[in-house]
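[1] predicted model follows, preceded by the sequence.
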Number of protein chains: 2
Amino acid sequence: MTQGEAKAPAIILARPQMGENIGAAARVMRNFGLTDMRIVSPRDGWPNKKADALAAGAVDVLETARVSDDFASAVSDLTLVFATTARSREMVKPVMTPREAMARAKTETDRAGRAGVLFGAEATGLLNEELAAADILLTIPVDPGFSSLNLAQAVAVTAYEWRAGDAAPEDFSAAPLPATKQELMALMDHLEAELERKGFFFPDHKAESMKRNLRAGLTRGNWTHQDVQTLRGAIKALTGKRGG
Amino acid sequence: MTQGEAKAPAIILARPQMGENIGAAARVMRNFGLTDMRIVSPRDGWPNKKADALAAGAVDVLETARVSDDFASAVSDLTLVFATTARSREMVKPVMTPREAMARAKTETDRAGRAGVLFGAEATGLLNEELAAADILLTIPVDPGFSSLNLAQAVAVTAYEWRAGDAAPEDFSAAPLPATKQELMALMDHLEAELERKGFFFPDHKAESMKRNLRAGLTRGNWTHQDVQTLRGAIKALTGKRGG
């Protein structure tokens, strides 16, 4: 377990009904580096074969999950608890979006605290006594006209926000650089000379703006060295001058 | 359909395998105000009962989905296409996180363009020819050690980012204000006077710091007018002075 995983928030599922949702939640937790799942009073008991099936490779999250019938013990070691809810229910608590909440969770773990996010049962959400135990309400910005978010999808969005500030993975940063401007200008010169030869820039008084537009368009291609080589080959092929 | 929905990006599922994933994707699209789904060559044909079952109330998204075997026609009206991929595959294209991509999609729709996000088949992802048709690669910041994200979860994270910048829904902003400082100070005065009477602030040379700490602690409660009233009632009850 890396330090990042150790610090990531706990996910607490209160009275979840469908094993499929528990498994899908475990899988998406692992996708975003969360490993600490706690389950309070799962409807269909524990372990749950449907949860295992949907967890795909993340059965370790289920195997290490703390399962109990005691809500208080599920949050006892936490210093900061978020409760997800679609309605305010007139609770007088700070309200945060997932983005704000995960930023707040990071400051909590940075000072050696421990954060957790509570999710209620599929049909009914959190009980008022569970909401009362939370420091902050977390509300996902769904369309008010269609606000019933699947439990595992709610976990997905929250877990995603834990890592959403991260940059694209490293292997993407190895993408080749664009060609140098010298290479690009040589391509343009080449194309322009060939077009000139074919009488493309006609009538004369429009030639200058036609050339300018052509160069502007070609610049937008953001081509690599290899692209420029390929395009020069293509121009040669079109003009029938092999190896020229 | 509101203007917001009309502008939201299209979601294009290329060769999806499981109807459950198509249905779950439709549901979470509607959660975040997306309604334009396009499906290219669904493995199990169309319509799909498992998709309908998982879509919950979002069957309208499935009913209006454009389904065809022609990838090109699925993207033909778009001006900006994102392709989701976990690996760069040495494609020379800009790479964005979901957050960056949805911000870019907004600028595209603001200038009357039309954006769409491509998702590949569950097991295999996008084909190279599909990736080649995209302007920008979209990569979700998953743990490299567990990067296999469920298709509907990938759609969830992307759709969520379309609305993630939104504030908490309006009904949350009706949360009561904290009590005024005057009310809070009157409560502190009341409590302090009663504690004084009981000899709580002992020894004398620590009394000042004890009072300061007590007031600091009570200030952190961020109580409402009603909370303060309740607490004053509680103090009265504890000191046995009814109606005092």
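    Perfect, thanks for sending it.
[2] and after the host helix or strand of A:Ala216, which helix or strand comes next?
    Under the assignment given by DSSP states H and E, the secondary-structure element containing A:Ala216 is helix A:204-219. From helix A:204-219 onward toward the C-terminus, using DSSP H and E, the following helix or strand is helix A:225-239.
[3] can you spell out which helices and strands pack onto that next one?
    For helix A:225-239, the helices and strands in contact under the criterion 3 or more CB pairs under 8 Å, 6 or more residues apart in numbering or on different chains; DSSP states H and E are helix A:181-197. Glycine gets a C-beta too; all of them are placed from N, C-alpha and C.
[4] number of residues surrounding the residue nearest to A:Gly221 when sequence neighbours are not counted?
    Counting by CB to CB, 6 or more residues apart in numbering or on different chains, A:Asp227 is the residue found nearest to A:Gly221 once chain neighbours are left out, at 7.1 Å. Close neighbours of A:Asp227, defined as other CB atoms under 10 Å in any protein chain shown, add up to 18.
[5] right, and A:Asp227 touches A:Ala179 too?
    Yes - with contact defined as CB atoms under 8 Å, A:Asp227 reaches A:Ala179; the gap is 6.9 Å.
[6] thinking again about what came up before, outside of the helix holding A:Ala216, which residues touch it?
    Under the contact criterion CB atoms under 8 Å, 6 or more residues apart in numbering or on different chains, helix A:204-219 has outside partners A:184, A:187-188, A:191-192, A:195, A:200-201.
[7] what does stretch A:49-63 give?
    With CB under 8 Å, 6+ apart as the contact definition, stretch A:49-63 has outside contacts at A:18-24, A:26-27, A:29-30, A:35, A:37, A:44, A:47, B:146, B:148, B:150.
[8] go again with 7 Å.
    For stretch A:49-63, the external contacting residues (CB atoms under 7 Å, 6 or more residues apart in numbering or on different chains) are A:19-20, A:22-24, A:26-27, A:29-30, A:35, A:37, B:146, B:148.
[9] next, the buried residues of that stretch.
    Within stretch A:49-63, the residues that qualify as buried by neighbour count (16 or more other CB atoms under 10 Å in any protein chain shown) are A:51-52, A:54-56, A:58-59, A:61-62.
[10] tell me which of those fall in helices.
    Cross-referencing the buried residues of stretch A:49-63 with the helices (criterion: DSSP state H) gives A:51-52, A:54, A:59, A:61-62 as the overlap.
[11] can I get these in a markdown table with pLDDT and distance to A:Gly120?
    Rendered in a markdown table, the data for these read as follows (pLDDT from 0 to 100; distance: CB to CB, whole Å):
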| residue | pLDDT | distance to A:Gly120 |
| --- | --- | --- |
| A:Ala51 | 98 | 17 |
| A:Asp52 | 97 | 23 |
| A:Leu54 | 96 | 19 |
| A:Val59 | 95 | 24 |
| A:Val61 | 97 | 20 |
| A:Leu62 | 98 | 19 |
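[12] what about the helices in chain A?
    Counting by DSSP H, the segments of chain A that form helices are A:3-7, A:19-31, A:49-54, A:59-63, A:71-75, A:98-110, A:128-132, A:151-163, A:181-197, A:204-219, A:225-239.
[13] which of those helices sits closest to A:Leu13?
    For the helices of chain A, the distance to A:Leu13 is smallest for helix A:19-31, at 6.4 Å, taking CB to CB.
[14] and that closest one with chain B, contact?
    Yes - shown here: helix A:19-31 in contact with chain B (CB under 7 Å from any CB of the partner chain) through A:24, A:27-28, A:30-31.
[15] with neighbour count as added columns, please give those in JSON lines.
    Compiled in JSON lines, the residues of helix A:19-31 next to chain B are given as follows (neighbours: other CB atoms under 10 Å in any protein chain shown):
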{"residue": "A:Ala24", "neighbour count": "28"}
{"residue": "A:Arg27", "neighbour count": "25"}
{"residue": "A:Val28", "neighbour count": "32"}
{"residue": "A:Arg30", "neighbour count": "27"}
{"residue": "A:Asn31", "neighbour count": "28"}
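[16] ok, those residues vs A:Glu100, which is closest?
    Distance to A:Glu100 across the residues of helix A:19-31 next to chain B (CB to CB) is lowest for A:Val28, with 20.3 Å.
[17] surely the closest one is in contact with B:Ala152?
    No - the criterion here is CB atoms under 7 Å, and A:Val28 misses it with B:Ala152 at 10.0 Å.
[18] go through stretch A:67-84 and flag the buried ones.
    With burial defined by 16+ other CB under 10 Å, the residues of stretch A:67-84 counted as buried are A:67, A:71, A:74-75, A:78, A:80-84.
[19] which parts of chain A sit against chain B?
    Near chain B, the residues belonging to chain A are A:24, A:27-28, A:30-33, A:56-58, A:87-88, A:92, A:95, A:97, A:99, A:139, A:141-144, A:146, A:148-150, A:153, A:156-157, A:160, A:163-164, A:166, A:168-169, A:171-172, A:174-176, A:224 when assessed by CB under 7 Å from any CB.
[20] from those, list just the buried residues.
    Applying 16+ other CB under 10 Å to those, the neighbour count classes A:24, A:27-28, A:30-33, A:56, A:58, A:88, A:95, A:97, A:99, A:139, A:141-143, A:146, A:149-150, A:153, A:156-157, A:160, A:163-164, A:168-169, A:172, A:175, A:224 as buried.
[21] over to A:Arg114: give its phi and psi.
    Geometry field for A:Arg114 lists phi and psi as phi -140, psi 120, criterion degrees, to the nearest 10.
[22] so where is chain A shaky, pLDDT-wise?
    Low-confidence segments of chain A, defined by pLDDT under 70, are located at A:1-6, A:88-91, A:167-176, A:241-244.
[23] for A:Lys211, see how far away the residue sitting furthest away from the middle of chain A is.
    Each residue of chain A has a distance to the centre, and by CA atoms, centre = their mean the biggest one is for A:Asp204: 53.0 Å. Look at A:Asp204 and A:Lys211: by CB to CB, to the nearest Å, they are 12 Å apart.
[24] now swap in A:Gln226 and tell me
    Between A:Gln226 and A:Lys211 the distance, using CB to CB, works out to 25 Å.
[25] now A:Ala103
    Summarising the geometry, the distance separating A:Ala103 from A:Lys211, computed by CB to CB, is 51 Å.
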